[in-house]
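Predicted model follows, preceded by the sequence.
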Number of protein chains: 4
Amino acid sequence: MTVHSSEARAGRASADPDRAAKRERILDAAERVFAQRGFYAAKVADIAREAGVADGTIYLYFKNKDDLLICLFESRMERVIQILGDAVAGAAGPRAQLRAFVAAYLTLIADQPTAAEVLTIELRQSTKFMREYSPQRFGELLRILATVIAAGQATGDFTDQVPAPHAARMIFGMLDEMALAWLLGRAPRRRGQKPAPPLATGRERGKMPAPHGTDFDISRAADWVAALVTTGLERRSPA
Amino acid sequence: MTVHSSEARAGRASADPDRAAKRERILDAAERVFAQRGFYAAKVADIAREAGVADGTIYLYFKNKDDLLICLFESRMERVIQILGDAVAGAAGPRAQLRAFVAAYLTLIADQPTAAEVLTIELRQSTKFMREYSPQRFGELLRILATVIAAGQATGDFTDQVPAPHAARMIFGMLDEMALAWLLGRAPRRRGQKPAPPLATGRERGKMPAPHGTDFDISRAADWVAALVTTGLERRSPA
Amino acid sequence: MTVHSSEARAGRASADPDRAAKRERILDAAERVFAQRGFYAAKVADIAREAGVADGTIYLYFKNKDDLLICLFESRMERVIQILGDAVAGAAGPRAQLRAFVAAYLTLIADQPTAAEVLTIELRQSTKFMREYSPQRFGELLRILATVIAAGQATGDFTDQVPAPHAARMIFGMLDEMALAWLLGRAPRRRGQKPAPPLATGRERGKMPAPHGTDFDISRAADWVAALVTTGLERRSPA
Amino acid sequence: MTVHSSEARAGRASADPDRAAKRERILDAAERVFAQRGFYAAKVADIAREAGVADGTIYLYFKNKDDLLICLFESRMERVIQILGDAVAGAAGPRAQLRAFVAAYLTLIADQPTAAEVLTIELRQSTKFMREYSPQRFGELLRILATVIAAGQATGDFTDQVPAPHAARMIFGMLDEMALAWLLGRAPRRRGQKPAPPLATGRERGKMPAPHGTDFDISRAADWVAALVTTGLERRSPA
DNA sequence: CATGAATGAGACTTCATTCAT
DNA sequence: CATGAATGAAGTCTCATTCAT
């Protein structure tokens, strides 16, 4: 049974892993380039070079530049949701689960700052559309959190002053903002590539010091978020 | 009392306001167009048409498109900071001030959704650069909040588990996220202008229902944020 | 006899000198700006500023930018022809006249380098058209020289191997080239104005030393030109 | 003998010539368009159309419009220098070499009037910058001539009244001026393309007759130049 | 006459995408 | 499948010229 020809041509069984690997290589390249340059400033040719493929090859794996962004989002988000889900599953009780979620999220940011940069910063470059597109996967993330909170409310651990979905969103806002602050406070662009010309405004803008409260240890942020979320700012009146 | 001569000669007293007014008209137009299309998709020609001026006129008032965005940011942010500062100043005691800040911020969003959309969504389209550029004015906003919190910590009203600047940032994150959710949940684009082609992904994407927890009364959000921030999620142990 | 109103308004008899003076001011400004920036890079607004008038005013005196160049040419050329004519008229005999012409031309260059720069360099920026337009006045200059040569040929002072008009043109070519070399070798642009961006070619081009044979005393050039023109390069056989 | 594989892989031997050929096609097109319209009036789109490529293709071969001019200059100048060098090398003795140079230069003009037009006329449109840029290659040309003259001075064939570099420059000025006169005197623009709107001056300017002394046989010019250069105008006193 | 703000046509250049090899 | 040269649509910005004051 000679398959070589058809297999070589159609190349499905053998190509699939290869294909998937190259697709991943392109996504990784896109992640780096988007993080470095921003979505709009990133050129498809940059990504191709970074991935070590020809420009046209990108289009064999992705419909277009937008699709590349979306697939990148999907890919990374899937991982994030997986990890957050695991973190929650691995904890017992709403309080512990909430804390686990917060810790896992910020750990993720710290561990994969490039991916985080894309998710937290560059994705917003198409935000409206992204959000128009993304609420699905994005909603999943929020739902994990909302579920934990709702459970806590059901058990009486958590107050139900705030509807769980909104509480979830607020907590995510806190995490997102802390992530953003930390990411922006990090060391400047790496490597030889110039980091996309800043908004050419003529107004001189030298090396500014990191803005206030931007340069902190992200692992401590988990404590802060947890503290604020669980006990709030108000000092509990001593009995 | 003949003033006309001097006025005609100086031609300043009359010209300056005109100039300022036209500048404002352009900023307003830019606000609408950016909110509608997003920064990158917005064409300078669109803004000119919306402002009722010629393309070239834009460049008599702004260095370039980026500068237009930055000036818009400055202009709107100034207003925001003014209002938030006033709100805080008008309240007595850290708790009231914190609440006033929260309420004022969300009221602002509700009252000026177009400006809010630009500040919350579109500005992020150049976020990295924007943030590189903006931390000044942006920091002011955070500082107002941080000051309130620090004061509360000093009086003993607020716990000092969380450093004030970080607490401020987290609270801002909550507000920002709620604002974003609400803005995205609002009615679709208005008017005849097509709302900037959505990410052309090929994947059909009809009219989706507003994502979960996105369609709410923003005035209630103030309560939620205040509740979460002040007392936290954990039910205070009775007795 | 109150004339003020009508005179001020219609202002003809009194305006004419004023008008001429302002026209001259604009021409002077144009000369400087053209010399500094080159015709194409020179902006009408630059010239207006340099002349201390409003942009629109230029158009009350000149049809358009091209006309400004042409009028400048006419104005300066008239002067040049006057001077050269006088120089020739002031000399006796073809040999002396030829020498006088050469000396006068190079002296002109040395004395009015800005005007010279325009005539020698910038006018060529529209050369083809300029020459299409200018041959008239330009021809006058050549004719002065040709007349001298023809006279010399008639008297037997000059050989008639070369037709006078062509000899005239060749001599002018020599003068023009020496003028060009000297002008280009002169000190760099003066004042704060940047001298029009050089051809943006990316190739680095630092401060080059003046090209070979470019930095010389122009007054000596008269001797060289005269020597070459009169006796040629070949050493006359002795005996 | 299977070469196809290596050739296909390297894809160089076949691609390079293609690339060079297209580059040349663009340069040729630019030569024609610049000659016809002048550098500033020439639109990149014109050149692209003339070359039969898309606008963007130009930018795959040249950095920008300026670079195109510079490369054109380099390319043509290289040829010119080659030919002039050969001409000089092919002659024996300073006198013959000088004559050879003169003849070769004018022959070049006559044979390749389009290239000559660009080199002699249009390049001057950016002259100051061009000369700022070009003195290198330009200096080479002068150096060839200066070397011949210096040699002649050394042998005693030529007088050393005039320093060789300046003599070279003057002779070049003569050649350049004759070339210019001849080029401008040639038949009007060819083909359907309108020859770039003449300086719109309002002043009517019909078809002027070629200016005096502009319409001559360029091959005779070599004799004139040689005569003037070698023996000068003054009639040698008969023994 | 003078002004100078406004105009708007048009050029250069970029870059996502295609398609012949 | 992969390549990467070619395409060409489209956008930003400039600047000569006009005209209402």
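Received it, and whenever you're ready, just let me know what you need.

for chain A, which spans come out with low pLDDT?
Under the criterion pLDDT under 70, the flagged ranges of chain A are A:1-15, A:126-132, A:134, A:187-214, A:236-239.

Looking at it, which residue is nearest DNA strand F?
In chain A, no residue comes nearer to DNA strand F than A:G56, which is 1.7 Å away by C-beta to the nearest atom of the strand. Yep, even glycine has a C-beta here, placed from its N, CA and C like the rest.

List the buried residues of the helix or strand harbouring that residue.
Assigned by DSSP states H and E, A:G56 belongs to helix A:55-61. Within helix A:55-61, the residues that qualify as buried by neighbour count (16 or more other C-beta atoms under 10 Å in any protein chain shown) are A:I58, A:Y61.

which residue sits closest to A:G152, ignoring its sequence neighbours?
Sequence neighbours aside, A:P94 is the residue nearest to A:G152 in space, at 3.1 Å (criterion: C-beta to C-beta, 6 or more residues apart in numbering or on different chains).

Contacts only, for the one you found.
Shown here is A:P94, whose contacts under the criterion C-beta atoms under 8 Å, 6 or more residues apart in numbering or on different chains are A:V148, A:I149, A:A151, A:G152, A:T155, A:D157, A:F158.

Among those residues, name the buried ones.
Judged by 16+ other C-beta under 10 Å, buried ones among the contacts of A:P94: A:V148, A:I149, A:A151, A:G152, A:D157, A:F158.

helix/strand/coil for the fourth one?
Put plainly, it is A:G152. helix (DSSP: H, G, I helix; E, B strand; the rest coil).

Around DNA strand E, pick out the residues from chain A.
A:A41, A:A42, A:K43, A:V44, A:A45, A:D55, A:G56, A:I58, A:Y59, A:N64, A:K65, A:D66 (C-beta under 7 Å from any atom of the strand).

try 6 Å this time
A:K43, A:V44, A:A45, A:D55, A:G56, A:Y59, A:N64, A:K65 (C-beta under 6 Å from any atom of the strand).

What count of nearby residues applies to A:D16?
If you count neighbours by other C-beta atoms under 10 Å in any protein chain shown, A:D16 ends up with 10.

Sorry, slip of the keys, the one I care about is A:F34.
26.

re earlier: so which elements touch the next helix-or-strand element following the helix holding A:G56?
Going down the chain from helix A:55-61, the next helix or strand is helix A:65-89, by DSSP H and E. Counting contacts by 3 or more C-beta pairs under 8 Å, 6 or more residues apart in numbering or on different chains; DSSP states H and E, helix A:65-89 is packed against helix A:15-37, helix A:94-111, helix A:113-120, helix A:127-133, helix A:135-155.

Now do the helix or strand following the longest one against helix A:65-89: the angle between them, please.
Think helix A:15-37. Toward the C-terminus, helix A:15-37 is succeeded by helix A:44-51 as the next helix or strand (DSSP H and E). Helix A:44-51 and helix A:65-89 are oriented at 50 degrees to each other (axes from the mean of the first three to the mean of the last three C-alpha atoms, to 10 degrees).

Run the contact check for helix A:44-51 versus DNA strand F.
No: under the criterion of C-beta under 6 Å from any atom of the strand, helix A:44-51 makes no contact with DNA strand F; the nearest approach is 7.6 Å.

So which bits of that helix are buried?
Neighbour-count burial for helix A:44-51, counted by 16+ other C-beta under 10 Å, picks out A:V44, A:D46, A:I47, A:A48, A:E50, A:A51.

And the first one, how close does it get to A:K63?
If you measure A:V44 against A:K63 using C-beta to C-beta, to the nearest Å, the figure is 12 Å.

got it, and the second one?
In this structure, A:D46 and A:K63 are separated by 18 Å, where distance is defined by C-beta to C-beta.

Can you pull up the most central residue in chain A?
The central residue of chain A, meaning the one whose C-alpha is nearest the mean C-alpha position (C-alpha atoms, centre = their mean), is A:L119 at 3.2 Å.

Flag every residue of chain A that's near DNA strand F.
Counting by C-beta under 6 Å from any atom of the strand, the positions of chain A adjacent to DNA strand F are A:G11, A:A15, A:R19, A:K22, A:V53, A:A54, A:D55, A:G56, A:T57, A:L60.

number of nearby residues for the third one?
A total of 14 residues lie near A:R19 under the criterion other C-beta under 10 Å.

try the fifth one
Other residues within reach of A:V53, judged by other C-beta under 10 Å, total 17.

And A:F216, by the same measure?
Counted with other C-beta under 10 Å, the burial measure for A:F216 works out to 18 neighbours.

how about it, what does it touch?
A:F216 is in contact with A:A181, A:W182, A:G185, B:H166, counting by C-beta under 8 Å, 6+ apart.

any idea how far it lies from B:D160?
16 Å.

Could you do A:T231 as well?
Using C-beta to C-beta, one gets 12 Å for the distance from A:T231 to B:D160.

Compare the two (neighbour count), which wins?
Shown here are A:T231 and B:D160; by other C-beta under 10 Å, A:T231 has more neighbours (18 against 15).

Surely that one is in contact with B:G232?
Yes: at 4.3 Å, A:T231 counts as touching B:G232 under the criterion of C-beta atoms under 8 Å.

Lovely, talk soon.
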